[in-house]
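**Student:** give me a 3D structure for the following:
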Amino acid sequence: MWRIWVLFDARRALVAMAIFLFSLAILIHFILLSTTRYQWIDSSSHTAQPMASKGAPMPPAAPGTSK
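**Tutor:** Numbering: from 1, shown residues only. Next comes the predicted model:
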């Protein structure tokens, strides 16, 4: 394993790997932003609603319990 570092400079290899991984992460984020499901910046189509208006009303309290 040590012979690979004789062929490649460790600093250049790590910098190249970091640049590649950062570019890959940016590419994945832009691909997700181009879809309608995972588009989190322009959320005008999905307006936030309070949780109470989304679901059914709360069931009545169980007998014998108090507030």
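
**Student:** and for Gln39, the neighbour number?
**Tutor:** With neighbours defined by other CB atoms under 10 Å, the count for Gln39 comes to 13. Using the backbone N, CA and C atoms, a C-beta is placed for each residue, glycine as well.

**Student:** sec struct for it, please.
**Tutor:** coil (DSSP: H, G, I helix; E, B strand; the rest coil).

**Student:** residue contacts, it?
**Tutor:** Listed by CB atoms under 8 Å, 6 or more residues apart in numbering, the contact partners of Gln39 are 32-33.

**Student:** relative to Arg12, how far out is it?
**Tutor:** Noted for Gln39: a distance of 37 Å to Arg12, by CB to CB, to the nearest Å.

**Student:** please save the CA atoms from stretch 27-42 in PDB.
**Tutor:** Included here for stretch 27-42 are C-alpha records, laid out as PDB according to Å, rounded to 0.1, in the frame of the first residue of the first chain:
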ATOM      1  CA  LEU A  27     -24.100  18.100  -8.900                       C
ATOM      2  CA  ILE A  28     -26.400  15.900  -6.700                       C
ATOM      3  CA  HIS A  29     -27.900  18.900  -5.100                       C
ATOM      4  CA  PHE A  30     -28.600  20.600  -8.400                       C
ATOM      5  CA  ILE A  31     -30.100  17.400  -9.700                       C
ATOM      6  CA  LEU A  32     -32.400  17.300  -6.700                       C
ATOM      7  CA  LEU A  33     -33.300  20.900  -7.100                       C
ATOM      8  CA  SER A  34     -34.400  20.300 -10.600                       C
ATOM      9  CA  THR A  35     -37.100  17.800  -9.500                       C
ATOM     10  CA  THR A  36     -40.500  18.900  -8.200                       C
ATOM     11  CA  ARG A  37     -40.400  16.600  -5.200                       C
ATOM     12  CA  TYR A  38     -37.100  17.600  -3.700                       C
ATOM     13  CA  GLN A  39     -37.100  21.300  -4.700                       C
ATOM     14  CA  TRP A  40     -36.700  23.000  -1.300                       C
ATOM     15  CA  ILE A  41     -35.800  26.600  -2.300                       C
ATOM     16  CA  ASP A  42     -38.900  27.700  -4.100                       C
END
